[in-house]
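Generate coordinates for the sequence data below:
(one chain, ligands or ions: 1)
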Amino acid sequence: MRISEAQIEQIRISADIVDVISSHVQLRKRGKNFIGLCPFHNEKTPSFTVSQDKQIFHCFGCHSGGNVFKFLMEYKKISFVESIQEMAAELGITLEYENQKSEAEQSETEILYDINTSVAKFFSDNLLKEEDGNIARKYFEERKIKPQTLRSFGLGYCPDHWDATINFLNKNNIDIEKSLQLGVIGKSDKGKLYDKFAGRMIFPIFSPNGRVIGFGGRIFDAREGAAKYLNSPESKIYHKGRTLYGLSHGKDEIRRHDLAIVVEGYMDLISLHQHGVKNVVAVSGTAFTDEQVQLLSRYTKNTVLLFDADTAGVKASMRSIEILLKQNMNIKIATLPKGEDPDSFVQKNGSDAFLDVISRAVNFLEYQTAIFEEQGYFNDAAKSAEAIRELVKPVALLNDELKRSFLLKSIAEKFGLREKLLEAELEKAIIAANKFPVQEQIQKEKVKLKKISEADDVKMPPAEFRNEQEIIILLFEENEQITRYLLDHVNPDEFQIAYHRILAHLVYDALINDEALRISTLLEKIEDEKLQEYLLEITFEKYLISDVWDQRKPENKEKRLLKYANDLIKFFKLYHLEKEIMQNHALVEKAEDEEEALRLMKNGHMLYARKKEIEKGNY
Ligand SMILES: [Zn+2]
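Take a look at the predicted model:
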């Protein structure tokens, strides 16, 4: 059963986002937009903004946002299709369903999701119902995991026959090639198919909105040459570095408590859930990635890390701390008694004792100091200087100056040091820290672009960056004439910032395919959630000329927009031309012979002439 694109579009156009949201959230008008208290995180001053013009919403606090369907999905915890059905009922539109499309028509990723869902069901049935699953059932029983918990996390078992999954796939006419891509089965060098997860307990890995994107398989006992954990390989729908285990199950509680407890193992998380502690995510054995932190920060800024006290655990937690700090997360660290993990601890002592441990979590500085103390760093002068330098390092990663000086003070007090001395250390550490990716550099220049993480981004001066951003904002103004005009003069590939390039291409494609230029429609085509957020954020931000044009007569708006577009194009072109001139200049200096120098100088003259023309407005 499918609803046609045309009908979805019809509903999208007929629905009014302000009406829909108003029946759940109290909104009041401010300027062009409506604001209210965000339903997705706790707040006292409104940062939840709705645009009636553009039919989108965005929260500046927790970064949730999207179109009317997205609101209903998040608010009512329903699927995309359900949100459409709900809107249709509200609007009195009768939905006509298309017949199941052929495989070729169904989108590729949907097929992959479907395969994973079927396979997850197969694994789960094995665990819950089949004779084969006895061994796994016994294991979970011993670990005191209730059947209800097994079901809610979709846990499963893959029989130890090396062909059980393959037989299941064949019996259900499931695409073998795609199942190989997803890594639920493997192929030997000789071309023989086999079950990848044979004899393993299965932990399905869910996307934040609850779709099965991959599997983790755990072995019962150490088998010769077999890894304890086996994870699905990266695929079109599974990106390990962008996935947090347990987020789909815990995100509401994480928002409600405004806190995420971070544990290491899947079993730790599941066991905590069973004991009613649900604001938990698991990063299995490795450090956080930037993308995982960004994902988590949509739900809360506050984390308590709970890692094993062994050396590997400590190392992983130090790396995680750095990554969390760089993204302005608040971090505390809790430690369990030696030899305990969250699972064993909560089984033995119950959830109250566990929450007590969490409430006694210390800040990262105290934690790190304790480690240095334990390793005897403060017993000799040279080593203690080294320890202090190490302690200052993570402080330099903070973007918040206030937080920085507060922490510096606490180090100074702790070690009886002069603050000036530490400040000098901090300066050095900050300079070192800023050799980091472009992204932090931009942030330092106070340009708002928190979420760019594309590796190929170059450093851009703030004014030029802002100019690019303004062009993107105008492209999403839903004004076809202006969009056409801008894209006639600016090539999407010429944007320096990767996010801008992608967004410009999106509008460009819609334009040449004669599709809607509405941002509420285009948003759904963006797969990268961070990019969606970025677009929403800059769309709701006041663009530079908006103040002026709102006050003037609306009939002049078109003219003024066009003039503004011209200014932006001019600046954009000049930036690129000046770069070219500079490059040319450098080449002249390095020219090997006179002939080459002459040719380059000629080229330089040409570039200058073009610059003059552009300055006059001819481009
Ligand atoms: Zn919010």
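
Torsion angles phi and psi at the residue in the stretch 251-400 of the chain positioned nearest to the ion?
Closest contact between the stretch 251-400 of the chain and the ion, by Cβ to the ion, is at residue 255 (8.5 Å). Any C-beta I mention is one placed from the backbone N, CA and C, and that applies to glycine too. Backbone torsions of residue 255, given as degrees, to the nearest 10, read phi -60, psi -40.

I figured it was touching residue 300, is that so?
Yes: contact status for residue 255 versus residue 300: in contact at 6.6 Å, counting by Cβ atoms under 8 Å.

what residues do the two have in common as contacts?
By Cβ atoms under 8 Å, 6 or more residues apart in numbering, residue 255 and residue 300 have these common neighbours: residue 41.

Could you point out the helix or strand that follows the helix or strand of the chain with the lowest mean pLDDT?
Within the chain, no helix or strand scores below helix 438-444, which has a mean of 35 by mean pLDDT, DSSP states H and E. The element immediately downstream of helix 438-444 (helix or strand, assigned by DSSP states H and E) is helix 462-475.

which parts of that following helix are buried?
Buried residues in helix 462-475, counted by 16 or more other Cβ atoms under 10 Å: 464-475.

quick one, strands of the stretch 51-200 of the chain?
Remark: strands assigned in the stretch 51-200 of the chain by DSSP state E, counting those that start in this stretch are 56-59, 65-66, 97-98, 156-157, 185-187, 193-195.

Tell me the strands beside the last one, with direction?
To tie it back to what came earlier, the one meant is strand 193-195. Sheet partners assigned to strand 193-195 using DSSP bridges are listed as strand 185-187 (antiparallel).

And the longest one, by the same measure?
Strand 56-59 has its sheet partners listed here by DSSP bridges as strand 48-51 (antiparallel), strand 65-66 (antiparallel).

Quick one: the ones you listed as CSV, columns for mean neighbour count too.
Formatted as CSV, those follow (neighbours: other Cβ atoms under 10 Å):
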stretch, mean neighbour count
strand 48-51, 23
strand 65-66, 24
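
and of the ones you listed, who's closest to the ion?
Using Cβ to the ion, the nearest of the strands paired with strand 56-59 to the ion is strand 48-51, at 5.6 Å.

Near the ion, which residues of the stretch 51-200 of the chain? Just list them.
Neighbours of the ion within the stretch 51-200 of the chain, by Cβ under 5 Å from the ion: 59, 61-62.

cool, and the chain?
Checking the chain against the ion by Cβ under 5 Å from the ion, the hits are 38, 40-41, 59, 61-62.

pLDDT weak spots in the stretch 101-250 of the chain?
101-106, 222-225 (pLDDT under 70).

which residues in it form helices?
Assigned by DSSP state H, counting those that start in this stretch, the helices in the stretch 101-250 of the chain fall at 108-128, 134-142, 147-152, 164-171, 176-182, 247-257.

Give the buried residues for the last one.
In other words, helix 247-257. For helix 247-257, using 16+ other Cβ under 10 Å, the buried residues are 247-251, 253-255, 257.

How many neighbouring residues does residue 261 have?
Residues near residue 261, counting by other Cβ atoms under 10 Å, number 31.

That one belongs to a strand, doesn't it?
Yes: under DSSP: H, G, I helix; E, B strand; the rest coil, residue 261 falls within a strand.

which residues touch residue 234?
Counting by Cβ under 8 Å, 6+ apart, residue 234 makes contact with residue 240.

and the gap between it and residue 183?
To residue 183, residue 234 is 9 Å away according to Cβ to Cβ, to the nearest Å.

Please identify which pair of the buried residues of helix 247-257 lies farthest apart.
Between any two of the buried residues of helix 247-257, the greatest separation by Cβ to Cβ is 16.6 Å, found for 248 and 257.

how many other residues sit next to residue 148?
Residue 148: 9 neighbours (other Cβ under 10 Å).

should've said residue 602
10.

cool, residue 135 as well?
Quick note: residue 135 (other Cβ under 10 Å) scores 14 neighbours.

give me the low-pLDDT residue ranges for this protein?
1, 98-106, 222-225, 284-286, 308-316, 399, 431-459, 542-556.

per the record, what domains does it have?
Listed domain ranges for the chain are 2-98, 108-238, 247-360, 376-436, 462-616 (source: automatic domain parsing).

Output those domains in JSON lines; the columns should cover distance to residue 367.
Shown next, in JSON lines, are the domains of the chain (distance: least, Cβ to Cβ, whole Å):
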{"stretch": "domain 2-98", "distance to residue 367": "27"}
{"stretch": "domain 108-238", "distance to residue 367": "27"}
{"stretch": "domain 247-360", "distance to residue 367": "4"}
{"stretch": "domain 376-436", "distance to residue 367": "11"}
{"stretch": "domain 462-616", "distance to residue 367": "29"}
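
Deepest-packed of the ones you listed, please.
domain 247-360 (a mean of 19; mean count of other Cβ atoms under 10 Å).

center of this structure, which residue is that?
For the chain, residue 295 is the residue whose C-alpha lies nearest the centre (Cα atoms, centre = their mean; 3.9 Å).

could you check the angle helix 462-475 makes with the longest helix along the chain?
With secondary structure taken from DSSP state H, the chain has its longest helix at helix 557-590. Angular relation of helix 557-590 and helix 462-475 on a 0 to 180 degree scale: 140 degrees, by axes from the mean of the first three to the mean of the last three Cα atoms, to 10 degrees.

Contacts for the next helix-or-strand element following helix 557-590 next, please.
Sequence order places helix 594-616 as the next helix or strand after helix 557-590, per DSSP H and E. Under the contact criterion Cβ under 8 Å, 6+ apart, helix 594-616 has outside partners 570, 573-574, 577-578, 580-581, 584-585, 587-588, 591, 619.

Residue 535 contacts residue 523, doesn't it?
Yes: counting by Cβ under 8 Å, residue 535 touches residue 523, with 7.0 Å between them.

Return the distance of residue 78 relative to residue 493.
Distance, residue 78 to residue 493, using Cβ to Cβ: 39 Å.

where do the strands sit along the stretch 351-500 of the chain?
362-363.

can you pull out the helices in the stretch 251-400 of the chain?
Under DSSP H, counting those that start in this stretch, the stretch 251-400 of the chain gives helices at 266-274, 290-297, 311-326, 342-359, 364-374, 381-396.

Tell me which of those sits nearest to residue 428.
helix 381-396 (8.4 Å).
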